[in-house]
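Model the following, please.
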Amino acid sequence: MLAIDQGTTSTRCILFDQRARLVGVAQRPHRQHYPRPGWAEQDALEIWRNVERIVPQALRDSGVTADRIAALGIANQRETTVVWDRRTGTPIGRAIVWQDVRTEELVRELESAPGSGRIRELCGLPLASYFAAPRLRWMLDSVPGLRDRAERGEVLFGTMETWLIWNLTGGPDGGLHFTDVTNASRTLLLNLRTLTWDAELLEFFGIPARMLPRIQRSTASYGSTRRVVPGIPIAAALGDQHAALFGQTCFARGETKCTYGTGGFLMMNTGRELVRSEHGLLTTIGYQIGPEPVYALEGPIAVTGSLVQWVRDNIGLVTSAPEIETLARTVEDNGGCYVVPAFSGLYAPHWRSDARGLIAGLTSYVTKGHIARAVLEATAWQTRDVVEAMNADSGLRTAALRVDGGMTSNNLLMQIVADVLDVPVSRPFVAETVSLGAAYAAGLAVGYWPDLEGLRNNWRLAAQWVPRMDPELREDEYDNWKRAVELTFGWVRSRKRARR
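Coordinates of the predicted model:
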């Protein structure tokens, strides 16, 4: 099985065998562009050119020929928005990345528009700059002539999996324009009940329907490759966090995973039940492999791994990311210090765009070891905030947490997460769960794996951390954390609080 994982900072191609063992991998980074404060962009053509290179490289390096590939699955960074010319395949400017906040002013205007109160009811998401529809609306309003071209069907919209599928299946020469339900559910345009583009939402955002891709199940026929390595069936597409849920085999209601990378992304399987959050979470589609979707609650955390990068690159507290664990282990606790990384506001469950980061509780006793410890604890406490909200919304109790992503190599951090959640934390043997989830979904579609139980049997434990924190200390520390979070609110006084 072949998987393409198109991520925020790089694109990977990974091959898996039937026992879910990694057979080959190739990876290329792409540039990040920050033309203005709060703006984040990428070159969609650069990403496509990287795919053209890494797929043949992964096959070549592993000694696998194209005729041995049963199918291809794609996972992708979600919400990143691409618009391109149908005839030439040329993008209309750079892709606007999910981290971009240029649409905050537009979102505030839309909040007061008639019909804004219906958005969460229809699509399960709050009206926020985090999602694709405001970015697409901004492009239609800002690029001269683009709206007219969109209404004539001359330009196409998609998130990254749509862009790659279109190019792989022919591009300007008959490329197929598809998305899957998980990515569609992150646009603010999908009706969660009907699983179709919602006419009321399209009208509210002013999006021409002709530029939108056709929505399919996560496992479906997305055509076959005609470019790069021709003849491979494209059998699955999922947003990266949904792919991680699938790769972690969280197939039962209540099972929860967290991916720790640049940010943190918790997702709980809620089964066939569409749970409307009352505690600041996102209602989304976990995946769809049959006639009915599996729904999920999600809590995105904006800053986890990027906080470690910040203290390395901007502050110089450490010289490498792994050094943060060594430094944090020089102390027994945080020394009364708390770091809240609200660099551009807070995501779930607070949704406060007016928040900004702070370090609270500083005294002359605090050392750089205490600060390092507080940096790691910030990820754990943010996880606790989201898990508390998930338990409240779902009526379930998170009994265990499956984790993946680059930060899980930090053993101290994983122990702290187990301590503050008071549940076991497990890391699988195959760390590339996003890619594995895309491969699993594609493999199910073509019969490479027989069923979900067969996928469960592939899951193997690599490491586990069990809670060992004193319960009273846990709750005292959590109270301190919540007080620190409240101090970040309202820092940007000229901005209104983001709606939940």
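
what's the residue nearest the centre of the chain in contact with, if anything?
Closest to where the C-alpha atoms of the chain average out (CA atoms, centre = their mean) is Gln241, at 4.6 Å. Gln241 makes contact with Arg78, Thr259, Phe265, Met267, Glu298, Val434, according to CB atoms under 8 Å, 6 or more residues apart in numbering. Where C-beta positions appear, they are placed from N, C-alpha and C, glycine not excepted.

Max pairwise distance over those: which two?
Farthest-apart pair in the contacts of Gln241 is Glu298 and Val434; separation 14.6 Å (CB to CB).

neighbour count winner among the two?
Val434 (32 against 24; other CB atoms under 10 Å).

The more buried one: what secondary structure?
Following DSSP: H, G, I helix; E, B strand; the rest coil, the label given to Val434 is helix.

is it fair to say Arg12 lies in a helix?
No: Arg12 sits outside any helix when classified using three-state DSSP, being strand.

May I have the beta-bridge partners of it?
Assessed by DSSP bridges, Arg12 has beta-bridge partners Asp5, Gln27.

before we move on, back to that, Pro56 versus the residue nearest to the centre of the chain, what's the distance?
Going from Gln241 to Pro56 by CB to CB, to the nearest Å gives 28 Å.

Surely the residue nearest to the centre of the chain is in a strand?
No: counting by three-state DSSP, Gln241 is not found in a strand; it is helix.

For Val23, see how far away it is.
24 Å.

Likewise for Val434?
Taken as CB to CB, the span from Val434 to Val23 is 17 Å.

Might one say that Ala372 is in contact with Pro322?
No: using CB atoms under 8 Å, Ala372 is not in contact with Pro322, being 11.8 Å away.

out of those two, which sits in the busier spot?
Ala372 (27 against 11).

dump the residue contacts of the more buried one.
Val311, Leu317, Val318, Ile324, Leu327, Ala328, Thr330, Val331.

right, and the helix or strand after the one helix or strand it maps to?
Using DSSP states H and E, Ala372 maps to helix 368-394. Helices and strands here follow DSSP H and E; after helix 368-394, the next one along the chain is strand 401-404.

Downstream of that next one, the next helix or strand is which one?
Counting by DSSP H and E, the next helix or strand C-terminal to strand 401-404 is helix 411-421.

who's in contact with that next one?
260, 325, 328-329, 376-377, 379-381, 383-384, 387, 398, 401, 403, 407-408, 424-425, 427, 463, 465-469, 474, 477-478.

so what's Ala199 up against?
For Ala199, the contacting residues are Ala209, by CB under 8 Å, 6+ apart.

repeat for Ala209
Ala209 touches Trp197, Ala199, Leu202, counting by CB under 8 Å, 6+ apart.

Among those, name the ones in helices.
Among these, the residues falling in helices (DSSP state H) are Ala199, Leu202.

Include pLDDT and distance to Gly63 when you put the contacts of Ala209 into a markdown table, please.
Shown next, in a markdown table, are those (pLDDT from 0 to 100; distance: CB to CB, whole Å):
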| residue | pLDDT | distance to Gly63 |
| --- | --- | --- |
| Trp197 | 98 | 43 |
| Ala199 | 97 | 51 |
| Leu202 | 98 | 48 |
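
Just give me the closest of the contacts of Ala209 to Arg49.
Trp197 (30.2 Å).

returning to that earlier point: can you lay out the contacts of Ala209 as JSON lines showing distance to Leu281?
Formatted as JSON lines, the contacts of Ala209 follow (distance: CB to CB, whole Å):
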{"residue": "Trp197", "distance to Leu281": "23"}
{"residue": "Ala199", "distance to Leu281": "26"}
{"residue": "Leu202", "distance to Leu281": "25"}
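
List just the nearest of the contacts of Ala209 to Ala128.
Leu202 (18.0 Å).

which intervals of the stretch 151-300 of the chain have sub-threshold pLDDT?
By pLDDT under 70, the stretch 151-300 of the chain contains no weakly predicted segment.

Please apply the same query to the chain.
Counting by pLDDT under 70, the chain shows low-confidence ranges at 494-500.

how about 50 then?
Within the chain, the segments meeting pLDDT under 50 span 495-500.

Tell me which residues touch Ala150, please.
Contacts of Ala150 by CB under 8 Å, 6+ apart are Val83, Leu140, Phe157, Pro208, Arg210, Met211.

Out of those residues, which end up buried?
With neighbours counted by 16 or more other CB atoms under 10 Å, the contacts of Ala150 contain buried members at Val83, Leu140, Phe157, Pro208, Met211.

among those residues, which two are most distant?
The most widely separated members of those, counting by CB to CB, are Val83 and Pro208 (11.2 Å).

Thr284 belongs to a strand?
Yes: counting by three-state DSSP, Thr284 is located in a strand.

From what I see, it and Val294 are in contact.
No: assessed by CB under 8 Å, Thr284 is found out of contact with Val294, at 10.4 Å.

Please compare these two by neighbour count and tell me which comes out ahead.
Neighbour count, other CB under 10 Å: between Thr284 and Val294, Thr284 has more, with 26 against 22.

List the beta-bridge partners for the more buried one.
Assessed by DSSP bridges, Thr284 has beta-bridge partners Ala296.

ok, now which ones touch it?
If you count contacts by CB under 8 Å, 6+ apart, Thr284 has them with Gly124, Leu125, Thr182, Ser185, Arg186, His242, Met267, Tyr295, Ala296, Leu297, Glu298.

Can you flag the buried ones in the residues you listed?
Gly124, Leu125, Thr182, Ser185, Arg186, His242, Met267, Tyr295, Ala296, Leu297, Glu298.

Which of the residues you listed sits closest to Gln216?
Distance to Gln216 across the buried ones among the contacts of Thr284 (CB to CB) is lowest for Thr182, with 10.5 Å.

Could you tell me which other helices and strands the helix or strand hosting that closest one packs against?
For Thr182, the host element (DSSP H and E) is helix 181-184. Contact here means 3 or more CB pairs under 8 Å, 6 or more residues apart in numbering; DSSP states H and E; on that basis helix 181-184 packs against strand 214-216, strand 234-239, strand 282-287.
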